[in-house]
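[1] I would like to see how this sequence folds:
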Amino acid sequence: MAETKTKPEAPPPRRQRSVATALIALALLAVIAAAKIAAPFLIPVVVGMLASYSLKPLVAFLERLHIHRAIGSAVVLALVGGLIAGGVFLLRDDATAALAELPNAARKIRIAAHDSVRQKETPMGHVRAAAAELNRAAAEAASGGAAILAPAPPASTELQQWFNEQSSKALGVVAEIAVAGLLAYFLLAAGDTFRRKLVRAAGPTLAARRITVEILDEIDAQVQRYLVTLLIINTLIGLATWAILLASGVAHSALWGVVAAVVHIVPYVGSAITIVATGFAAFVQFEDIGRALMVALAVGVAATVIGMGINAWMLGRAFRMNSVAVLVALLFFGWLWGGWGLLVGVPLLAIVKTTIDRIPSLERFTTLIAADERAASGNG
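    Numbers count the residues shown, from 1 in each chain. Now for the predicted structure:
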């Protein structure tokens with residue numbers, strides 16, 4: 001009996017490929033919308049998972065000393081919390097003094113703004129006067145020529161409303177950190193339980209499980225490498241800010257150094273906050289705009305050299321990702337989850353790159369993220 005030859009499978013028609021592409025795009029948009037809506041749930045989960053990755057080596061070290069993982073996880077988290085509380089305690093006097101100076105600082109800013117408004121002969125004064133006249137003319141034309149009375153000032157200024165909103169957001173951030181810490185504890189205490197479940201869920205074949213193990217190992221290494229890099233960079237920025245402010249004679253330089261190190265956890269935005277805050281502190285203390293600008297410029301140069309130069313070099317060596325992909329990821333996650341998105345954007349991008357590096361069907365997307373062709377091949 002003659003053997004029947006099977007015909008090679010024909011490629012799908014163009015119409016089917018277009019439908020499949022459209023469905024993938026719609027599914028991706030649905031995932032993004034769900035991530036935006038579910039931000040209050042997803043943010044603590046992601047932050048807790050990343051925190052567990054960063055603290056995992058310490059828990060493993062205690063486990064090698066025959067300390068149970070549940071106890072070791074609690075000890076490590078308590079140690080981290082104690083270090084933060086200890087730092088706050090050591091800087092409490094500087095923080096109290098800085099807060100006590102806020103009314104005087106606000107008064108100086110108000111006087112400076114009032115003097116600036118009174119200078120009508122400056123170009124900006126002419127522009128403001130012209131804008132006021134145009135607004136008044138437009139309002140009179142809309143009301144049929146009737147004179148427009150200035151509205152009564154609101155009972156609560158926009159600045160006060162902004163402070164109230166930030167206070168409520170701060171409470172929400174504290175709650176998210178607490179939930180993330182609790183999740184990190186359970187993940188650390190569970191050890192490799194979820195890892196083994198993910199490997200079993202990858203499929204019955206040995207190849208699928210091997211790829212899953214490689215992805216999980218690489219994610220561990222990538223996240224820990226990023227957090228170590230972040231710790232080194234932020235420490236250098238804090239020390240540089242402290243040295244610059246100390247040499248410039250700015251009060252509470254140690255406090256501002258710690259603030260610079262903490263806020264620089266958020267890429268780009270942290271540097272901008274540091275520059276504005278230190279310039280503001282210098283102006284309030286010296287009442288000299290030129291000197292304040294010099295202090296802000298020096299802090300900005302240090303933040304740029306360390307935060308963008310050394311940081312980009314270290315991240316490039318650690319992750320082999322190009323700067324454009326990193327910036328786009330930060331913009332996307334910043335839009336998606338705000339400040340938390342800026343914080344977790346880079347490690348999430350590293351996780352995505354690690355995953356597509358190990359899946360053959362997604363290899364063509366590696367070149368969009370990799371730093372160069374050698375890195376994109378995965379053999380560099």
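[2] list the contacts for R358?
    Residues in contact with R358 (Cβ atoms under 8 Å, 6 or more residues apart in numbering) are I211, E214, I215, E218. The C-beta positions use only the backbone N, C-alpha and C, and glycine is treated the same way.
[3] are any of these buried, and if so which?
    By neighbour count, with 16 or more other Cβ atoms under 10 Å, these hold I211, I215, E218 as buried.
[4] now, these that are in helices?
    I211, I215, E218 (DSSP state H).
[5] measure the second one to R209 for me?
    Computed as Cβ to Cβ, to the nearest Å, the I215 to R209 distance reads 11 Å.
[6] kindly report the same for the last one.
    As defined by Cβ to Cβ, E218 lies at a distance of 15 Å from R209.
[7] if you count neighbours, what's buried in the helix or strand harbouring G279?
    Using DSSP states H and E, G279 maps to helix 269-286. By neighbour count with 16+ other Cβ under 10 Å, helix 269-286 contains the buried residues 269-271, 273-275, 277-279, 281-285.
[8] return the set of buried residues in the helix or strand hosting A184.
    For A184, the host element (DSSP H and E) is helix 158-190. The neighbour-count check on helix 158-190 (16+ other Cβ under 10 Å) flags E176, V179, A180, G181, L183, A184, Y185, L187, L188, A189 as buried.
[9] now swap in stretch 76-86 and tell me
    By neighbour count on 16+ other Cβ under 10 Å, the buried set for stretch 76-86 is V76, L77, V80.
[10] test my guess that the last one contacts L55.
    The one in question is V80. Yes. With contact defined as Cβ atoms under 8 Å, V80 counts as touching L55 (7.2 Å).
[11] only alpha carbons, please: show stretch 44-56 as CSV.
    In CSV, the C-alpha atoms belonging to stretch 44-56 read as follows (Å, rounded to 0.1, in the frame of the first residue of the first chain):
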residue,chain,number,x,y,z
PRO,A,44,1.4,46.8,46.6
VAL,A,45,1.7,43.4,45.0
VAL,A,46,4.4,44.5,42.6
VAL,A,47,6.3,46.4,45.2
GLY,A,48,6.0,43.5,47.7
MET,A,49,7.4,41.1,45.1
LEU,A,50,10.3,43.3,44.3
ALA,A,51,11.0,43.8,48.0
SER,A,52,11.1,40.1,48.5
TYR,A,53,13.5,39.7,45.6
SER,A,54,15.9,42.3,47.2
LEU,A,55,15.7,40.8,50.7
LYS,A,56,15.9,37.2,49.6
